[in-house]
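Colleague: Model the structure of this input:
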Amino acid sequence: MKKLFLGLALIGGQLMFAQKVVDLKVENNQKKEQPATISKEKVNTYNDNFLAFINALQSSDRKAMDGLLSDKVKEIVTDDVLKKVKDGIDYSKKLEILKVGYYVTMDGISHPNIKYKYAGDKSSKEAISAVFEDDGKILGVLPAKSEK
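Modeller: Purely as a prediction, here's the structure:
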């Protein structure tokens, strides 16, 4: 009989403490809120760096391209990736800025983003997107070809 009471007391004690409620608090700690617009000086800096990158890409100057790329992406950018970017851009047409904004990466950080279109192109289907770091280094270039 004592063993039965001891067993019930142990099981009852475990059940009583198993119902304990834990308080959970969620905090939204974003590092820095970005302004809605990018200043003209920054846009000009980003645009100059992008056009210099395009010229280096056209002439296959790897050293100049590496100088304009961010340290975060230098290791993963191979010659095959650069060839795909080079093939996706029409060098006979002039580029114009279509839209300026921010691009949020997978790690939740907003980076400046500029979308370019070809001069004289009424539709924005053939837009080239360039993502930058705040210092003007290029994080990524996404050329887009329209299907013909």
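Colleague: Please make it C-alpha for all contacts and neighbour counts, starting now.
Modeller: Noted.
Colleague: Which stretches in the chain count as strands?
Modeller: 95-104, 110-118, 128-132, 138-142 (DSSP state E).
Colleague: nearest to Val77, of those?
Modeller: Closest approach to Val77 among the strands of the chain is made by strand 138-142 (9.6 Å; Cα to Cα).
Colleague: can you pull the buried residues of that closest one?
Modeller: Buried residues in strand 138-142, counted by 16 or more other Cα atoms under 10 Å: 138-141.
Colleague: And for Tyr46, the neighbour number?
Modeller: By other Cα atoms under 10 Å, the residues close to Tyr46 number 24.
Colleague: How about Glu126?
Modeller: Neighbours of Glu126 (other Cα under 10 Å): 19.
Colleague: Now do the same for it: its pLDDT.
Modeller: With respect to pLDDT, Glu126 scores 71.
Colleague: Then Ile109?
Modeller: pLDDT for Ile109: 86.
Colleague: what's Ala127 in contact with, if anything?
Modeller: When contacts are counted by Cα atoms under 8 Å, 6 or more residues apart in numbering, Ala127 touches 98, 115-118, 143-145.
Colleague: Report the lowest-confidence entry in these.
Modeller: Note: of the contacts of Ala127, the lowest pLDDT belongs to Lys145, at 62.
Colleague: by how many degrees do the longest helix anywhere in the chain and strand 138-142 diverge?
Modeller: Using DSSP state H, we find that the single longest helix of the chain is helix 40-58. Angle, helix 40-58 to strand 138-142, by axes from the mean of the first three to the mean of the last three Cα atoms, to 10 degrees: 60 degrees.
Colleague: Name the residues that touch helix 40-58?
Modeller: 62, 64-65, 68, 82, 86, 91, 100, 130, 132, 136-138.
Colleague: Next one: the nearest residue to Lys74 once chain neighbours are set aside, what pLDDT does it get?
Modeller: Once flanking residues are discounted, Lys74 sits nearest to Asp66: 6.6 Å by Cα to Cα, 6 or more residues apart in numbering. If you check Asp66, the pLDDT there is 87.
Colleague: can you pull the contacts of the spatially most central residue of the chain?
Modeller: By Cα atoms, centre = their mean, the mean C-alpha position of the chain lies nearest to Thr105, the distance being 3.2 Å. By Cα under 8 Å, 6+ apart, the contact set of Thr105 is His111.
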